[in-house]
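Student: build me a structure from this.
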Amino acid sequence: MAAYQIVFNVFLYFTEGLIIFYYANSFLKHKYNTKITIIGISLSHLLLFGIYYANNTILNFIALFVIYCLIFSLLYECRFFTALFNSALLLAIMGTSEWCVIFITSLFLKKDFYAYQESIPLQMFDIALSKLAYYLICLILIRIFSKKKVNTQNKSGFWKLMIMPVASVFALFVFRYISLETLLSNTANILCSVASLCLLISNIIVFFIYEHSINNASELYELKAVKQKQEIEKQYFDILEQNNKDLKIFTHDIKNHLEQISNLTDNTEIRTYISKLYGTVNQYNNVALSGNKTLDVIINKYNTLCTNKNIEITFNVKTANLIDIDNTDLSTILNNALDNAVESAEQSSEKKISVDIYTKKLFEIIKIQNSCDRAPITANKKLLTSKKEKTLHGFGIESIERTINHYDGLFDWSYNESNKVFEITIAIPKIE
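Tutor: Numbering: from 1, shown residues only. Presented below is the predicted three-dimensional model:
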């Protein structure tokens, strides 16, 4: 076997590894980091490359199926039958692509179906062409069935980018035609084979770069949206805090006035009436519940908000007031969590929310429960937004988790189907 054919096959298996990596990442969440995943796929395809030289079609097919199943099962979070299905699907696409390419090229070029067996360059052209067709079909499946959030502009850009693999298929077809109709030198055949392989690899790399840029743009958009929300919340809290201060001063003055009026009369009914007013006004003077200014502002905000929405909300601040958490981070955690709770409770029949903040061993615990008539929408154990504008919402939970991770904290959620109660639990290590 010619040395350049061995090199060609090495790069061909490398491209197959890239294709399955791209395919699996589009549908599944990998168990390990990207580096470990790539190493695992590379080693498995190195093994496949060795088995290929046994020159046994059945053995190659079985090895491909087993290795693909292992890749899906060991490197990605998926069930065994999901791994079987995806492995069988990819093998079916791969086999169909190879057969169709040989059949169509033989039909259009009016050559025998097995003509490729007589020439190594023809084999390389057909293999490169079939792999490109295989990759093209995988791209279409990914774009149609992948659950990743892609906005309209990105979808449009993807389909425009499809011009490249389609043009590459045509170019490889032309290479094969030239190699059949013209007697090329060995050097020319090698150069054409290398060009075919470069076209295949460049297509894969271009789409990798495209997806990477889309992911970066999505992350920047998310960070920008979170930052804007935090700035708005900060401005709102500044205003709310000032209003609370003004309310304290006002209620303090009103109490003094009521006491003065009560002292100026001997009428029992007037004194009783003033006493009742005094008790009512005194409620507005006790706006601080925890000793943490930011926490108090948040409590008062959602007390007022829930009252306006006819939602029963209770705060139970026992042995923790979260004073060690940065004000901005505390605002991010509680506002996002309570916004979701209010939205869910408002649409439920019970309309109840309870917030418990307490210390347990070495952790400060935030437990928020809210009535929720429908089970939350999830994907890969992740909570998803139920709002129609997916690109404008869904950052709340991610923002909470990112902030909690900064403190090496824990985040968990559960849904009780029988009681129709959704619960999130946040545990943040105490700072000694």
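
Student: C-terminal to the worst-scoring helix or strand of the chain on mean pLDDT, what's the next element?
Tutor: When the helices and strands of the chain are scored by mean pLDDT, DSSP states H and E, helix 152-161 comes last with a mean of 59. Moving toward the C-terminus from helix 152-161, the next helix or strand (DSSP states H and E) is helix 163-181.

Student: could you give the mean pLDDT of that next one?
Tutor: Taken as a whole, helix 163-181 has a mean pLDDT of 72.

Student: show me what it is packed against.
Tutor: When contacts are defined as 3 or more C-beta pairs under 8 Å, 6 or more residues apart in numbering; DSSP states H and E, helix 163-181 sits against helix 80-109, helix 120-145, helix 186-263. C-betas here are computed from N, CA, C, even on glycine.

Student: where does the residue lying farthest from the centre of the chain land in three-state SS?
Tutor: Farthest-out residue of the chain from its mean C-alpha position, per C-alpha atoms, centre = their mean: Asp266, at 70.2 Å. Under DSSP: H, G, I helix; E, B strand; the rest coil, the three-state class of Asp266 is coil.

Student: check what pLDDT it gets.
Tutor: 74.

Student: enumerate every residue touching it.
Tutor: By C-beta atoms under 8 Å, 6 or more residues apart in numbering, the contact list for Asp266 is empty.

Student: which element is encountered next along the chain beyond the helix or strand harbouring Phe21?
Tutor: Assigned by DSSP H and E, Phe21 belongs to helix 3-27. Helices and strands here follow DSSP H and E; after helix 3-27, the next one along the chain is helix 34-52.

Student: name the helices or strands packed onto the very next helix or strand once past that next one?
Tutor: For helix 34-52, the succeeding helix or strand toward the C-terminus, using DSSP H and E, is helix 57-75. Using 3+ C-beta pairs under 8 Å, 6+ apart, the elements in contact with helix 57-75 are helix 3-27, helix 34-52, helix 80-109.

Student: change it to 6 Å
Tutor: Using 3 or more C-beta pairs under 6 Å, 6 or more residues apart in numbering; DSSP states H and E, the elements in contact with helix 57-75 are helix 34-52, helix 80-109.

Student: ok, of the helices and strands packed on helix 163-181, where does mean pLDDT dip lowest?
Tutor: Mean pLDDT is lowest for helix 186-263 among the helices and strands packed on helix 163-181, at a mean of 70.

Student: wait, a helix at Lys367?
Tutor: No: judged by three-state DSSP, Lys367 forms no part of a helix; its state is strand.

Student: quickly list the domain ranges of this structure.
Tutor: 3-225, 289-432 (automatic domain parsing).

Student: in JSON lines: the ones you listed, plus mean neighbour count and distance to Gln260.
Tutor: Listed next are those as JSON lines, based on neighbours: other C-beta atoms under 10 Å; distance: least, C-beta to C-beta, whole Å:
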{"stretch": "domain 3-225", "mean neighbour count": "16", "distance to Gln260": "52"}
{"stretch": "domain 289-432", "mean neighbour count": "17", "distance to Gln260": "28"}
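
Student: to Ser275, which of these lies closest?
Tutor: Nearest of the domains of the chain to Ser275, taken as C-beta to C-beta: domain 289-432 at 24.6 Å.

Student: return the distance of that closest one from the chain's centre.
Tutor: Centroid displacement of domain 289-432 relative to its chain, using C-alpha atoms, centre = their mean, to the nearest Å, is 20 Å.

Student: now do it, average pLDDT.
Tutor: On average, domain 289-432 scores 83.

Student: roughly how far apart are the nearest residue to Ile201 once chain neighbours are set aside and Val66?
Tutor: Distance criterion C-beta to C-beta, 6 or more residues apart in numbering; nearest residue to Ile201, sequence neighbours excluded, is Thr15 at 5.7 Å. Separation of Thr15 from Val66 (C-beta to C-beta, to the nearest Å): 20 Å.

Student: regarding Tyr358, what is its secondary structure?
Tutor: Per three-state DSSP, Tyr358 ends up strand.

Student: which residues does it bridge with?
Tutor: Ile365 (DSSP bridges).

Student: show me what contacts Thr57?
Tutor: Listed by C-beta atoms under 6 Å, 6 or more residues apart in numbering, Thr57 has no contact partners.

Student: mind checking pLDDT for it?
Tutor: In this model, Thr57 carries a pLDDT of 77.

Student: what's the answer for the one 4 residues further on, then?
Tutor: pLDDT, Phe61: 85.

Student: skipping adjacent residues, who's closest to it in space?
Tutor: In space, Phe61 is closest to Leu91, 7.2 Å off (C-beta to C-beta, 6+ apart).

Student: swap in Tyr134?
Tutor: Per C-beta to C-beta, 6+ apart, closest to Tyr134 is Ser97, 4.1 Å.

Student: would you quantify the distance from that neighbour to Glu77?
Tutor: 28 Å.
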